[in-house]
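Trainee: let's see this in three dimensions:
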Amino acid sequence: MSSAPGHVHAGLGPARVQEVSDGVYAYIQPDGTWFINNTGFLVGGKGVTSVDACSTERRTRAYLAAIAGRSPLPVRTLINTHHHGDHTHGNYLFGDATIVAHERCREEVLAAGLPYFPGVFEDVEWGDVRLAPPFLTYTDGVTLYVDDLRCEVRHVGVPAHTTNDSIVWLPDRSVLFSGDLIFNGGTPFMLMGSITGAIEALEHVLKPLSPETIVPGHGEVCGPEAIDAVLGYLRFVLQAAHDGRAAGLTPLQAALETDLGRYADLPDQERLVGNLHRAYAELDGAAPGSPLSVLAVFADMLTYNGGSPLRCLA
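Mentor: Here you go, the predicted structure:
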């Protein structure tokens, strides 16, 4: 494995390229909080395949420069693991690359539009972001090859982090690009998906793969132990939802009264509020992934955060 420096944001360590298998790279962006995601790329003899883009113009250009530092060949294929802007806002900078994703991912990218979060996050310099949705879509999955290396792109089958999560699995290398099903060292966030669905996806899709190496959507490259860590947090959320609902508390009230315990050191703790809103909805009979009032939920998250905008260093 090797590493190389990348983009630096004031107060954060540099982004870096980490070779996780021969010709397979993770691009790790500290500190993995709001809109600071990981990506990755695979170098073949005729071109490069990228797994996700970044959240801002500056960050995506830095990522493309990092790719160019490893290969002079063009990025021919861009896979989006899900629709969130930290993984898709930079799509438009990939030139003529074929942008591949689940069909629902395309729908949600178009529905979300350009980044606009007044009063929610600290100021972000998004740059000249333009909408570039995936234009080659699948229902269940698709297999692509980088030279002879098989890359299985699979929708996880249930709402989890979102309604359109996909993983990229390299069976010959035991390497998994998990998207945001895995937050390594960060607070998982399932507001736009499902708590129970995420547990199902982790238990029945990711764990059976037994990956040796996971490139998570946020945080450091890790092994399969990260799956159990996320499962532990999600079960903690479910218990807090059961307890809060039984006590007649709202999700915000339940969050304020919940002792985070071993999760107290995770960043972005306000995500507990969003996770509890999703868990409450499911306990009340809402279908996994069904729409919630995101603006209302974020208003509660801001209240949990003392009324201040959420920390965002993207």
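Trainee: find the nearest non-adjacent residue to the residue nearest to the spatial centre of the chain, please.
Mentor: In the chain, the centroid-proximal residue (Cα atoms, centre = their mean) is residue 180; its distance is 2.9 Å. Spatially, and ignoring its direct neighbours in sequence, residue 180 is nearest to residue 217 (3.6 Å; Cβ to Cβ, 6 or more residues apart in numbering). No exception for glycine: its C-beta is placed from N, CA and C like everyone else's.
Trainee: what does residue 11 give?
Mentor: Closest to residue 11 by Cβ to Cβ, 6+ apart is residue 313, at 6.3 Å.
Trainee: so where do the helices sit in the stretch 51-200 of the chain?
Mentor: 57-68, 85-88, 103-112, 195-201 (DSSP state H, counting those that start in this stretch).
Trainee: reformat these as JSON lines; add mean pLDDT and distance to residue 186.
Mentor: As requested, the helices of the stretch 51-200 of the chain are exported to JSON lines (pLDDT from 0 to 100; distance: least, Cβ to Cβ, whole Å):
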{"stretch": "helix 57-68", "mean pLDDT": "98", "distance to residue 186": "17"}
{"stretch": "helix 85-88", "mean pLDDT": "98", "distance to residue 186": "12"}
{"stretch": "helix 103-112", "mean pLDDT": "98", "distance to residue 186": "21"}
{"stretch": "helix 195-201", "mean pLDDT": "98", "distance to residue 186": "14"}
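Trainee: pick the most deeply packed of these.
Mentor: helix 85-88 (a mean of 26; mean count of other Cβ atoms under 10 Å).
Trainee: and that one, how far out from the chain's middle?
Mentor: Its chain's average C-alpha position is 8 Å from that of helix 85-88, according to Cα atoms, centre = their mean, to the nearest Å.
Trainee: name the residues that touch it?
Mentor: With contact meaning Cβ atoms under 8 Å, 6 or more residues apart in numbering, helix 85-88 is reached by 34-37, 39, 52-55, 80-81, 105, 109, 112, 115, 132-133, 179-180, 217, 314.
Trainee: if you set the cut-off to 6 Å instead, what comes out?
Mentor: 35, 37, 52-53, 55, 80-81, 109, 115 (Cβ atoms under 6 Å, 6 or more residues apart in numbering).
Trainee: re earlier: tabulate the helices of the stretch 51-200 of the chain (TSV), appending distance to residue 246.
Mentor: Formatted as TSV, those follow (distance: least, Cβ to Cβ, whole Å):
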stretch	distance to residue 246
helix 57-68	43
helix 85-88	35
helix 103-112	33
helix 195-201	17
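Trainee: of all those helices, which lies closest to residue 281?
Mentor: helix 195-201 (9.4 Å; Cβ to Cβ).
Trainee: so which elements touch the closest one?
Mentor: Here helix 195-201 touches helix 225-246, helix 271-283, going by 3 or more Cβ pairs under 6 Å, 6 or more residues apart in numbering; DSSP states H and E.
Trainee: list of residues touching that helix?
Mentor: 156, 158-160, 190, 234, 237-238, 278-279, 282, 288.
Trainee: out of the residues you listed, which is nearest to residue 247?
Mentor: residue 279 (14.2 Å).
Trainee: what's the closest non-adjacent residue to the closest one?
Mentor: Spatially, and ignoring its direct neighbours in sequence, residue 279 is nearest to residue 241 (3.6 Å; Cβ to Cβ, 6+ apart).
Trainee: next secondary structure after the helix or strand of the chain with the lowest mean pLDDT?
Mentor: Lowest mean confidence among the helices and strands of the chain (mean pLDDT, DSSP states H and E): strand 3-5, at a mean of 43. Scanning forward in sequence from strand 3-5 by DSSP states H and E, the next helix or strand is strand 16-21.
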